[in-house]
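**Q** I'd like to go over a predicted model; first the sequence, then the structure.
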Amino acid sequence: KAGVTQTPRYLIKTRGQQVTLSCSPISGHRSVSWYQQTPGQGLQFLFEYFSETQRNKGNFPGRFSGRQFSNSRSEMNVSTLELGDSALYLCASSPDGANQPQHFGDGTRLSIL
Amino acid sequence: EDQVTQSPEALRLQEGESSSLNCSYTVSGLRGLFWYRQDPGKGPEFLFTLYSAGEEKEKERLKATLTKKESFLHITAPKPEDSATYLCAVQVVGGGGSNYKLTFGKGTLLTVNP
């Protein structure tokens, strides 16, 4: 069974640009969550999607947004990039989110110059 | 606010030297506690889920336990390949019933020397 796939693996952008990250969940999983991982803050929750609807959102500015498609694939967008957005962005999927382990992809490493 | 604290931040063991990692939590209502292992350059790999105090789960050299305030990850006779960062996360009840986010601790970096 294929795991969670995130593309691209690495990205380099400059301040002010925008970026879109992609996540393909495990087949049959309908819940997709996004996390930001940095050395100082650890893993922090960004948002969760289920059946194309955002169910929950973390404490990040509106520059961070996402969406989910009918095949459960998800994208995350960050606009007006700042140096502090440099991080590993992780996507996780689960069947429906409740009481179930989330399975993570290997992330997209975003570097802002 | 939900809080998860892991200790120690780093632990260095000799091969075969058993030890435990701690995860203490302060939450309004626990839905589940999850342990993950993360290798450098990789995403977290799921290890265990614990739902209620007194529950225990085992997998090879790892055993996870849960009380009302903390969880322990016991590592018996570790090998160098057990070296990784171990992360603890909680999922809590609340937010209208549809809050399924994970709140993570900062992790314990385990190094096992041969």
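**A** On my side now, so go ahead.
**Q** now residue A:110: how far from residue A:83?
**A** 11 Å (CB to CB, to the nearest Å). Just so you know, the C-beta spots here come from the backbone N, C-alpha and C atoms, and that holds for glycine as well.
**Q** I misspoke; the intended subject was residue B:37.
**A** On the measure of CB to CB, residue B:37 and residue A:83 end up 30 Å apart.
**Q** how many other residues sit next to residue B:104?
**A** 23 (other CB atoms under 10 Å in any protein chain shown).
**Q** just to revisit the earlier point, look at residue A:110 and residue A:83 and report which has more neighbours.
**A** Neighbour count, other CB under 10 Å: between residue A:110 and residue A:83, residue A:110 has more, with 20 against 10.
**Q** near chain A, which residues of chain B?
**A** Chain B has residues B:31-32, B:34, B:36, B:41-46, B:49, B:51, B:87, B:89, B:91, B:95, B:98-107 near chain A, with proximity defined as CB under 8 Å from any CB of the partner chain.
**Q** low-scoring stretches of chain B, by residue?
**A** Across chain B, residues meeting the criterion (pLDDT under 70) sit at B:94-98.
**Q** Strands along that one, start to end?
**A** In chain B, the strands defined using DSSP state E lie at B:3-7, B:10-14, B:19-26, B:30-38, B:45-50, B:56-59, B:62-66, B:70-75, B:84-92, B:103-104, B:108-113.
**Q** Make a markdown table from these and add distance to residue A:28 to it.
**A** Below are the strands of chain B laid out as a markdown table (distance: least, CB to CB, whole Å):
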| stretch | distance to residue A:28 |
| --- | --- |
| strand B:3-7 | 29 |
| strand B:10-14 | 37 |
| strand B:19-26 | 30 |
| strand B:30-38 | 20 |
| strand B:45-50 | 16 |
| strand B:56-59 | 23 |
| strand B:62-66 | 26 |
| strand B:70-75 | 29 |
| strand B:84-92 | 20 |
| strand B:103-104 | 25 |
| strand B:108-113 | 32 |
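**Q** how about stretch A:44-58: buried residues?
**A** By neighbour count on 16 or more other CB atoms under 10 Å in any protein chain shown, the buried set for stretch A:44-58 is A:44, A:45, A:46, A:47, A:48, A:49, A:50, A:55, A:56, A:58.
**Q** Return the closest of these with respect to residue B:68.
**A** residue A:45 (23.7 Å; CB to CB).
**Q** where does the closest one land on pLDDT?
**A** You'll see residue A:45 listed with a pLDDT of 96.
**Q** Just read off the phi/psi values of it.
**A** When read as degrees, to the nearest 10, the backbone of residue A:45 gives phi -70, psi 130.
**Q** so what's it up against?
**A** A:33, A:34, A:35, A:56, A:58, B:101, B:102, B:103 (CB atoms under 8 Å, 6 or more residues apart in numbering or on different chains).
**Q** try residue A:91
**A** Per CB under 8 Å, 6+ apart, neighbours of residue A:91: A:4, A:6, A:21, A:23, A:25, A:32-35, A:74, A:76, A:104-105, A:107.
**Q** could you redo the last one with a cut-off of 10 Å?
**A** Counting by CB atoms under 10 Å, 6 or more residues apart in numbering or on different chains, residue A:91 makes contact with A:4-6, A:21-25, A:32-35, A:46, A:66, A:73-76, A:102-108, B:43.
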